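Enquirer: Next input, structure requested:
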Amino acid sequence: MYQRKIDQLKAAASATSHDAQDRKLRTRAKKEIWDAEAPPCTWAAYNARLKRSRRWYEAAETLGWGVLVLTPSDTITPHWVEQTLRAGEWNIWLQLV
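Expert: Just a heads-up that it's a prediction; the model follows:
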């Protein structure tokens with residue numbers, strides 16, 4: 001849902017103009033989803049969950065959706081994917097795999 005909202009905002013922004021709001025698409029997407037869904041958590045918890053899930057989405061888009069099922073969770077733990085690796089390390093790992 002988050003990625004679709006970003007794509008919608010990009011399409012709307014490219015159709016109108018390239019102003020300063022274009023740089024804040026992710027924040028706008030998060031706020032619009034927050035307002036529409038009203039999740040039962042705090043904004044900080046929502047952002048943390050979204051950040052963690054973004055890594056899994058990135059892995060699935062890069063390596064294929066089967067990676068979510070075939071990843072050995074005893075070797076490649078969710079904590080390692082979501083928190084241990086920095087963004088640059090995560091991108092390198094995805095390219096190597």
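Enquirer: C-alpha from now on. contacts and neighbour counts both.
Expert: OK.
Enquirer: which helices and strands sit right next to the biggest helix by length in the chain?
Expert: Using DSSP state H to define each element, the chain has its longest helix at helix 43-63. Judged by 3 or more C-alpha pairs under 8 Å, 6 or more residues apart in numbering; DSSP states H and E, the packing partners of helix 43-63 are helix 67-70, helix 87-96.
Enquirer: buried ones in it?
Expert: Buried residues in helix 43-63, counted by 16 or more other C-alpha atoms under 10 Å: 55, 56, 59.
Enquirer: quick revisit: in a markdown table, list the helices and strands packed on helix 43-63 along with mean neighbour count and distance to residue 13.
Expert: A markdown table is the format used below for those (neighbours: other C-alpha atoms under 10 Å; distance: least, C-alpha to C-alpha, whole Å):
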| stretch | mean neighbour count | distance to residue 13 |
| --- | --- | --- |
| helix 67-70 | 11 | 32 |
| helix 87-96 | 12 | 27 |
